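**Student:** how does the following fold in three dimensions:
(one chain, ligands or ions: 1)
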Amino acid sequence: MDSRAMIELDRKPFKERLAFQYSMYLKEVEAGYMVGRQGFGPVDRRMKYKDLNSDEFNEVLVFGSNSYLGMSNDPYVKRKVIEAVESYGIGTGGSPAFSGYTKQHRELELRLAKLAEHDDAVLLPGGYMANLCWVTGLMNRNDVIVYDKNSHASVINAIKMAGVPFYTFDPEDIDGLEPIFERIKSRAKPGTQIFSTVEGVRSTDGLIIDLRRYIEICKRHDIITILDDAHGIGTVGKTGRGTLEHLDLLGQVDLRMSTCSKAIGAQGAFVSGSKEHIFLLRNFSYPYLFTSGLAQPTIAAISAALDVMEREPERIERLHENVRYMQDRLEQQGMRIIRGESGIIPVFFGEDGVVRKLNKELYRRGLFANIMEYPMVPPGLERLRLSVMSTHTREEIDTAVDMIASTAREMGYL
Ligand SMILES: Cc1ncc(COP(=O)(O)O)c(C=O)c1O
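**Tutor:** Here you go, the predicted model:
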């Protein structure tokens, strides 16, 4: 379905939407598109997958996992998880306000706060929940938020949940923030607090915006800033502490969210900030208070992955070498890419629908990658999104690039 049709569909009554969307699903299945798949074995550079609607298995080279540092199948991390299960068991059996908060939770929170150069942190079951946590925990209808127009769906949903008045800004045009803040201030009641959020490493293209200028403008206007660094932790910064370390700005935003489901290779996320802000989240934010505390194996996995990151910073260097190598190889083959600084490489092939067809064929030939289509990206900017891992070999990168180039050429997209 093209982007215009999706906008139209959104305006239809529920039963019409449901009937239409289900019929689209059946058509996709019939046309052989993957509308759900299950993987077998650990998430790593090579995996076996099965389409949910067929009995065929497919061995694929994986360039679509956000486990950028290969942590999700790391022997040390796995051993630490097994030890933790033996010592502490599995689930916490309650929210952090009841039984779901242990010594291990506290130690990890303090370690993550230190990593972010903040006073304190709270752990959440995932990045989605972490974004719900800070939006709904800090803001209400009397405040205003100015958010990056490319923000993750969780931020946008959270803003709707909190009912907080909002404006969007274009992260490509940081100076455009000044007139937005001035307009809000000229109309707002005295005492209205303005918040602003932006992504660190951008999930759609791996780029990093001019965060220094962003922080400077926000500070000048007394704005509370929150950074979503889901894709920055573990992929940028000399020691993997993320976008702020990369730009020498650690501790310079008021709050920061990073997920542990990507480069950290596990699950869960944290929000860090000043002791007052974190106090508010810990005691008043429903997405923190009313969900069970992270399970012990997850706590152990995150802690062990942080050990590996500290001990082996060369993994991050290796990731960057792999990314640069793959970017060069894709360009040599005539492909249009964006050269970001993290593990994400977007590749563009033109009109609506093209990347979907290409990706289907790539999967059939043995390459697993993701695509981004509207509404994740603006109409016309659909892309193949390759995620590089530090553990990929040069041969695997060459195989993937050659497969994309030859398939795109055969299909007339290159
Ligand atoms: C920018 C951004 N924020 C938040 C999230 C949510 O993180 P999680 O998968 O841990 O829920 C994602 C995940 O895709 C993301 O890309």
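**Student:** now the stretch 1-150 of the chain against the ligand: closest residue?
**Tutor:** Using C-beta to the nearest ligand atom, the closest approach of the stretch 1-150 of the chain to the ligand is made by residue 127 at 2.2 Å. Using the backbone N, CA and C atoms, a C-beta is placed for each residue, glycine as well.
**Student:** show me where the protein dips below the pLDDT cut-off.
**Tutor:** The model of the chain has pLDDT under 70 over residues 1-3, 34.
**Student:** what residues go with each domain of it?
**Tutor:** The chain breaks down into these domains under automatic domain parsing: 31-62+313-410, 72-311.
**Student:** pick the most buried one from those.
**Tutor:** Greatest average neighbour count among the domains of the chain goes to domain 72-311 (a mean of 20), per mean count of other C-beta atoms under 10 Å.
**Student:** can you pull the contacts of residue 228?
**Tutor:** 127, 131, 151, 152, 155, 197, 198, 199, 200, 257 (C-beta atoms under 8 Å, 6 or more residues apart in numbering).
**Student:** what helices or strands is the helix or strand residue 180 falls within leaning on?
**Tutor:** Take DSSP states H and E as the rule and residue 180 turns out to sit in helix 177-187. Identification of packing neighbours for helix 177-187 by 3 or more C-beta pairs under 8 Å, 6 or more residues apart in numbering; DSSP states H and E yields strand 144-148, strand 166-169, strand 194-199, helix 211-220.
**Student:** now these in JSON lines, with distance to residue 370?
**Tutor:** Formatted as JSON lines, the helices and strands packed on helix 177-187 follow (distance: least, C-beta to C-beta, whole Å):
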{"stretch": "strand 144-148", "distance to residue 370": "21"}
{"stretch": "strand 166-169", "distance to residue 370": "25"}
{"stretch": "strand 194-199", "distance to residue 370": "17"}
{"stretch": "helix 211-220", "distance to residue 370": "25"}
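**Student:** do you know which of those lies nearest the ligand?
**Tutor:** strand 194-199 (5.3 Å).
**Student:** is the ligand within reach of the closest one?
**Tutor:** Yes. Judged by C-beta under 6 Å from any ligand atom, strand 194-199 and the ligand are in contact via residue 199.
**Student:** in the protein, which residue is closest to the centre?
**Tutor:** Central residue of the chain (C-alpha atoms, centre = their mean): residue 230, 4.4 Å from the mean position.
**Student:** phi and psi next, for residue 328.
**Tutor:** For residue 328, the backbone dihedrals (degrees, to the nearest 10) come out as phi -60, psi -50.
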